[in-house]
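[1] Okay, here's the prediction I keep looking at, along with the sequence it came from:
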Amino acid sequence: MSLSQGWSLAHEWFKDRLNPDWRRYTLEETKSIFSAIHLKGDFWQL
Amino acid sequence: MTLSSDDNTVRLHIVTQAANTGRVPQAPAIASALGRSEAEIRASIKNLAAEKILMLAPNDGVIWAAAPFCATPSPFYVVSNGVDYSAICIWDALGIPAALHQDAVIHTVCGDCGDAMTVKIRDGNLVPAEGIIHFGVPARNWWDNIGFT
């Protein structure tokens, strides 16, 4: 992936990590994140 | 997945301390800070690892990483607001400024040629730079061996 995609991914993934109410993304939420960042194809299937 | 209140308290303490100091606390320090027994803290750490929220070092069970913060020096060195951090990988290295909501400079090396690389986050944006991020393991297999991934 590009650095830009990496930043988008990391930003979405970690932006709330210090929030007391943080929880792990569900499988479906993770798939949506990958799709929104155009991480598609078999390599990115969960 | 919903963490128990105790486990979430431990989780939050770990990442908050790591964010504030650049150092991931271990069980004895966590127990002291939270006024709980080390056995209770180790149980929470084990639960958090089972939920893939913490990564533990093989063999001795110490916290290796509380993503995005790594407990040991690594090839991904992050500086933000005067604090030095370590990350396991570029995803976590980028995750540090994301979690902190602060500017950061990431110092690393190219995994292919070994050349030094610098990545900057400023005002919530990636400062344009050359480079790609390579994942060697398909997403469905990441947690087969997260250390290798």
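    All right, it came through fine. What you see is a predicted model; the values in this text were computed from it and never measured.

[2] Could you pull up the residues touching the closest residue to residue B:20 other than its chain neighbours?
    Distances taken as CB to CB, 6 or more residues apart in numbering or on different chains put residue B:83 closest to residue B:20, at 7.6 Å, once the chain neighbours are dropped. C-beta coordinates here come from the backbone N, C-alpha and C atoms, glycine included. By CB atoms under 8 Å, 6 or more residues apart in numbering or on different chains, the contact list for residue B:83 reads B:20, B:21, B:22.

[3] Narrow these to just the buried residues.
    residue B:22 (16 or more other CB atoms under 10 Å in any protein chain shown).

[4] which of the residues in the longest helix along chain A are buried?
    Scanning chain A for the helix with the most residues, using DSSP state H, yields helix A:3-14. The neighbour-count check on helix A:3-14 (16+ other CB under 10 Å) flags A:3, A:5, A:6, A:7, A:8, A:9, A:10, A:11, A:12, A:13, A:14 as buried.

[5] packing partners for that helix?
    Applying 3 or more CB pairs under 8 Å, 6 or more residues apart in numbering or on different chains; DSSP states H and E, we find helix A:3-14 packed against helix A:27-36, helix B:90-100, strand B:125-126.

[6] For that helix, which outside residues touch it?
    With CB under 8 Å, 6+ apart as the test, helix A:3-14 has contacts from A:1, A:25, A:33-34, A:36-39, B:67-68, B:90-96, B:98-99, B:119, B:121, B:124-126, B:129-133.
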